[in-house]
Structure formats: structure tokens, C-alpha cells
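Undergrad: Dropping the sequence and predicted coords here.
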Amino acid sequence: MEQQTDREVLELARCWFEDIKEKCSKLTTGNVSHMGATIRGLAKNCVEYIDMHFNETSSINNQNK
């Protein structure tokens, strides 16, 4: 996979938060269980991706020192 810049990751994160915000606005008492799980899954995936990117970036930066 091609390494992304910090700026690209931040732009992706912004899009993900916009998606989460949109899904939250569609929550109703009838779908809260399903949509809550969807939102939680999206947030989990975002955190894992960001952690992976910054851990890789940190490792690369440390190797270059």
C-alpha cells in the first residue's frame, strides 16, 4: 500500500467524521441499535487506520535518524 502523507490522512479523517455525523443525524428510536453499531464500527476503523498510519510514520522517522 502506498504511504499517505499526514495531510492526506487528516483529510480522510475529516471525511470519516462527516460520514459519522451524517449517520448520527439519521438515528431514530427504531434504528438506534443498528446505526449505533455501524457508527461504532466506523469509529473503530478510523482509529485503527490513524494509529497504523502514525505508528508507521513514527517508525520510518525513527529509522531515518
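TA: Thanks, I have it. For clarity, every value in this text was computed on a predicted model and none was experimentally measured.
Undergrad: Closest to the centroid, which residue in this structure?
TA: Of all residues in the chain, the one closest to the mean position by CA atoms, centre = their mean is C46, 1.9 Å from it.
Undergrad: Quickly find the element holding that one.
TA: Per DSSP states H and E: C46 is located in helix 32-63.
Undergrad: gap between the nearest residue to W16 once chain neighbours are set aside and E18?
TA: Closest residue to W16 apart from its sequence neighbours, by CB to CB, 6 or more residues apart in numbering: C46 at 4.7 Å. C-betas here are computed from N, CA, C, even on glycine. From C46 across to E18, the span is 12 Å (CB to CB, to the nearest Å).
Undergrad: mind checking pLDDT for Q3?
TA: In this prediction, Q3 carries a pLDDT score of 74.
Undergrad: My read is that it contacts E56, right?
TA: Yes: with contact defined as CB atoms under 8 Å, Q3 reaches E56; the gap is 7.1 Å.
Undergrad: who's in contact with C24?
TA: Shown in contact with C24 (CB atoms under 8 Å, 6 or more residues apart in numbering): M35, I39.
Undergrad: That one: helix or strand, and which one exactly?
TA: Going by DSSP H and E, C24 is part of helix 6-25.
Undergrad: Would you mind listing the buried residues in that helix?
TA: Neighbour counts over helix 6-25 (16 or more other CB atoms under 10 Å) mark V9, W16, I20 as buried.
Undergrad: now, which of those residues sits nearest K26?
TA: Ranked by distance to K26 (CB to CB), those are led by I20 at 11.0 Å.
Undergrad: where's that closest one relative to R7, distance?
TA: If you go by CB to CB, the gap between I20 and R7 works out to 20 Å.
Undergrad: about what we covered before: these two touch, right, the residue nearest to W16 and A13?
TA: Yes: C46 is in contact with A13 according to CB under 8 Å; the separation is 6.4 Å.
Undergrad: Tell me the confidence at the residue nearest to the centre of the chain?
TA: 92.
Undergrad: who touches it in this structure?
TA: Residues in contact with C46 (CB under 8 Å, 6+ apart) are A13, W16, F17, I20.
Undergrad: neighbours around G30, how many?
TA: For G30, the neighbour count with other CB atoms under 10 Å is 8.
Undergrad: If anything else comes up later, I'll come back, but that's it for now.
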